[in-house]
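Asker: A structural model of the following input is requested.
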Amino acid sequence: MTFSISIHVDGYYGLVKGVPNLLNLFDNYGIKATFFVNMGKEANLFQILKYRKKNKISKTDSKIFSRYNKRQLIEILFLNRKLGNKYSRILKDIKIRGHEVEPHCWSHLLWSKNFENINHTKEILKMKKAYFKIFNKNPIGFAPPTWKYNSKIINILKKEGFEYISISGPKNKVYFEYGLKIIPLSFNKTIEELLNDGKNKEEILNIYEKEMKKEYVNLYFHSDFEGIKGIKLLEEVIKIVNNKKTLLCGEIL
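Answerer: Got it, this is the predicted structure:
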């Protein structure tokens with residue numbers, strides 16, 4: 001059986017609050033995970049509106065904003081804070097405690113909302129450089145924001161020395177494209193997304209119990225929700241793991 005967990009670290013609070021919470025939780029249950037970290041900055045209000053249709057905040061955005069209180073929202077929208085490239089101490093602590101750290105992006109907003117128009121090579125090189133500055137080694141893995149990638153991205157990653165990309169579907173097993181290892185999720189929803197779908201605690205735990213019975217299990221969560229507001233429910237999910245050995249993405253054959 002292959003079992004792995006990855007954590008996407010998108011924003012400031014997910015990094016400075018969510019990650020430490022998750023590290024403590026994983027220590028308690030002997031879990032190892034791969035953390036994909038936003039290496040650039042948070043988007044500010046003006047950037048957020050620029051890439052929304054008719055400058056309107058979508059339902060998805062509203063649900064994401066509901067993670068935070070008013071003060072936190074104001075800070076997120078106006079401070080434009082640096083993330084992974086500034087908090088090397090947190091990223092190093094993740095590794096010291098036996099987990100894997102790889103880049104998630106340089107600009108989560110540009111990659112997810114303006115994918116067709118950005119300079120992909122430039123974005124990848126910036127996150128790679130920031131990673132190298134912290135760890136004195138190049139990254140080997142990448143999880144694209146909102147799972148957006150294509151053959152061009154694969155070729156860039158391969159050229160820059162990456163060994164794998166973590167994605168959502170379509171296959172339920174590890175495979176290769178142009179020599180790059182593709183590691184798909186076995187289940188592409190987080191606890192937060194299931195709650196937003198109207199699922200209750202019992203239904204969510206039942207879903208994860210069924211997932212744990214598969215031969216290939218690769219789950220993901222967000223430090224910005226499951227590491228903070230959703231930490232107790234995540235712990236209930238982790239209990240289902242029941243001492244299964246977790247593999248880092250870089251360890252999956």
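Asker: going forward, measure contacts between C-alpha atoms and count neighbours the same way
Answerer: Fine.
Asker: Help me confirm that His8 comes into contact with Ala33.
Answerer: No: because the distance of 10.6 Å does not satisfy C-alpha atoms under 8 Å, His8 is recorded as not touching Ala33.
Asker: okay, and the common contacts of these two?
Answerer: Overlap between the contact sets of His8 and Ala33, as judged by C-alpha atoms under 8 Å, 6 or more residues apart in numbering, is nil.
Asker: who does the host helix or strand of Leu157 touch, helix- and strand-wise?
Answerer: Under DSSP states H and E, the secondary-structure element containing Leu157 is helix 151-159. With contacts defined as 3 or more C-alpha pairs under 8 Å, 6 or more residues apart in numbering; DSSP states H and E, helix 151-159 has these neighbours: helix 120-135.
Asker: redo that, cut-off 6 Å
Answerer: When contacts are defined as 3 or more C-alpha pairs under 6 Å, 6 or more residues apart in numbering; DSSP states H and E, helix 151-159 packs onto no helix or strand at all.
Asker: how about that helix: buried residues?
Answerer: Of the residues in helix 151-159, those scored as buried under the neighbour-count criterion (16 or more other C-alpha atoms under 10 Å) are 153-154, 157-158.
Asker: Stretch 190-204 too?
Answerer: Of the residues in stretch 190-204, those buried under the neighbour-count criterion (16+ other C-alpha under 10 Å) are 190-192, 204.
Asker: what's the answer for stretch 171-189, then?
Answerer: Taking 16+ other C-alpha under 10 Å as the neighbour-count basis, stretch 171-189 is seen to contain the buried residues 172-173, 180-187.
Asker: shouldn't Tyr175 be in contact with Ile182?
Answerer: Yes: proximity of Tyr175 to Ile182 meets the contact threshold set by C-alpha atoms under 6 Å, at 5.3 Å.
Asker: Quickly find the element holding the residue nearest to Ala130 when sequence neighbours are not counted.
Answerer: If you skip the residues right next to it in sequence, Ala130 has Asn85 as its closest partner in space, 5.5 Å away by C-alpha to C-alpha, 6 or more residues apart in numbering. Assigned by DSSP H and E, Asn85 falls within no helix or strand.
Asker: correct me, but Asn85 touches Asn38?
Answerer: No: judged on C-alpha under 6 Å, Asn85 makes no contact with Asn38 at a distance of 8.4 Å.
Asker: Of those two, which one has the most company?
Answerer: Summary of the neighbour comparison: Asn85 and Asn38, criterion other C-alpha atoms under 10 Å, with Asn38 having more neighbours (27 against 21).
Asker: The more buried one and Ser107 touch, don't they?
Answerer: No: with contacts defined as C-alpha under 6 Å, Asn38 does not count as touching Ser107, sitting 7.2 Å away.
Asker: Tell me where the stretch 51-200 of the chain has helices.
Answerer: Secondary structure of the stretch 51-200 of the chain (DSSP state H, counting those that start in this stretch): helices located at 59-65, 70-79, 88-96, 108-113, 120-135, 151-159, 191-196.
Asker: Of the ones you listed, flag the one that's most buried.
Answerer: Mean neighbour counts were taken over these using mean count of other C-alpha atoms under 10 Å, and the top value, a mean of 20, falls to helix 108-113.
Asker: Average pLDDT for that helix, rounded please.
Answerer: Confidence for helix 108-113, expressed as mean pLDDT, is 87.
Asker: got the contact list for it?
Answerer: Where contact means C-alpha atoms under 6 Å, 6 or more residues apart in numbering, the residues beyond helix 108-113 that reach it are 145-146.
Asker: can you give me the strands in this structure?
Answerer: According to DSSP state E, the chain carries its strands in the segments 2-9, 34-38, 100-105, 141-142, 164-167, 175-177, 180-184, 216-222.
Asker: Now distance to Leu125 and mean pLDDT too, for the ones you listed, in JSON lines please.
Answerer: Listed next are the strands of the chain as JSON lines, based on distance: least, C-alpha to C-alpha, whole Å; pLDDT from 0 to 100:
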{"stretch": "strand 2-9", "distance to Leu125": "19", "mean pLDDT": "96"}
{"stretch": "strand 34-38", "distance to Leu125": "13", "mean pLDDT": "98"}
{"stretch": "strand 100-105", "distance to Leu125": "10", "mean pLDDT": "97"}
{"stretch": "strand 141-142", "distance to Leu125": "12", "mean pLDDT": "98"}
{"stretch": "strand 164-167", "distance to Leu125": "15", "mean pLDDT": "97"}
{"stretch": "strand 175-177", "distance to Leu125": "21", "mean pLDDT": "92"}
{"stretch": "strand 180-184", "distance to Leu125": "17", "mean pLDDT": "96"}
{"stretch": "strand 216-222", "distance to Leu125": "24", "mean pLDDT": "96"}
